[in-house]
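Asks: next input, structure requested:
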Amino acid sequence: MACAASYCLLYIYERVTWTAKAKHDAFRRQYISYATSQLGMIAGIATEHCSSQVERYYLRSYRAVAFLTLSTSITTDVLTVAAATTIP
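Replies: Numbering: from 1, shown residues only. Next up is the predicted model:
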């Protein structure tokens, strides 16, 4: 009988304290936990995307510099050959 009475008292206590504010606070804790995990996932994806963009930019810049260096080298070689052949 004492066990049933203590169970009833505990049940009544929970019903009284489980108000709209308590429900709101519990929902807020759950939502913060969910949003934190989602933002962490998004941050990882965004970081990976930025990294690949920077890598593509550097690769594109490197190719442009390499092309300019190669075309300058070819132009210099052509001019050197042309100058060497026109001078008697």
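Asks: any weak-confidence spans in the chain?
Replies: Flagging of the chain using pLDDT under 70 yields the residue ranges 73-88.
Asks: what helix or strand is the spatially most central residue of it on?
Replies: Nearest to the geometric centre of the chain sits Ala46, at 2.2 Å (Cα atoms, centre = their mean). When elements are assigned from DSSP states H and E, Ala46 belongs to helix 20-86.
Asks: gap between the residue nearest to the centre of the chain and Glu55?
Replies: 15 Å (Cβ to Cβ, to the nearest Å). Where you see a C-beta, it was placed from the backbone N, CA and C, and this is true even at glycine.
Asks: kindly report the same for Thr19.
Replies: 54 Å.
Asks: buried residues in stretch 33-52?
Replies: By neighbour count with 16 or more other Cβ atoms under 10 Å, stretch 33-52 contains no buried residues.
Asks: centre of the chain to that stretch, how far?
Replies: Centroid separation between stretch 33-52 and its chain, computed with Cα atoms, centre = their mean, to the nearest Å, is 4 Å.
Asks: export only the CA atoms of that stretch, formatted as PDB.
Replies: What follows is stretch 33-52, C-alpha atoms only, in PDB (Å, rounded to 0.1, in the frame of the first residue of the first chain):
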ATOM      1  CA  SER A  33      20.900  19.500 -29.600                       C
ATOM      2  CA  TYR A  34      19.500  18.800 -33.100                       C
ATOM      3  CA  ALA A  35      20.500  22.200 -34.500                       C
ATOM      4  CA  THR A  36      24.000  21.900 -33.100                       C
ATOM      5  CA  SER A  37      24.500  18.500 -34.800                       C
ATOM      6  CA  GLN A  38      23.100  19.800 -38.100                       C
ATOM      7  CA  LEU A  39      25.300  23.000 -38.000                       C
ATOM      8  CA  GLY A  40      28.300  20.900 -37.300                       C
ATOM      9  CA  MET A  41      27.600  18.800 -40.300                       C
ATOM     10  CA  ILE A  42      27.000  21.900 -42.500                       C
ATOM     11  CA  ALA A  43      30.200  23.500 -41.300                       C
ATOM     12  CA  GLY A  44      32.100  20.400 -42.300                       C
ATOM     13  CA  ILE A  45      30.600  20.400 -45.800                       C
ATOM     14  CA  ALA A  46      31.200  24.200 -46.200                       C
ATOM     15  CA  THR A  47      34.800  23.800 -45.100                       C
ATOM     16  CA  GLU A  48      35.300  21.000 -47.600                       C
ATOM     17  CA  HIS A  49      33.700  23.100 -50.400                       C
ATOM     18  CA  CYS A  50      35.900  26.100 -49.600                       C
ATOM     19  CA  SER A  51      38.900  23.900 -49.600                       C
ATOM     20  CA  SER A  52      38.100  22.500 -53.100                       C
END
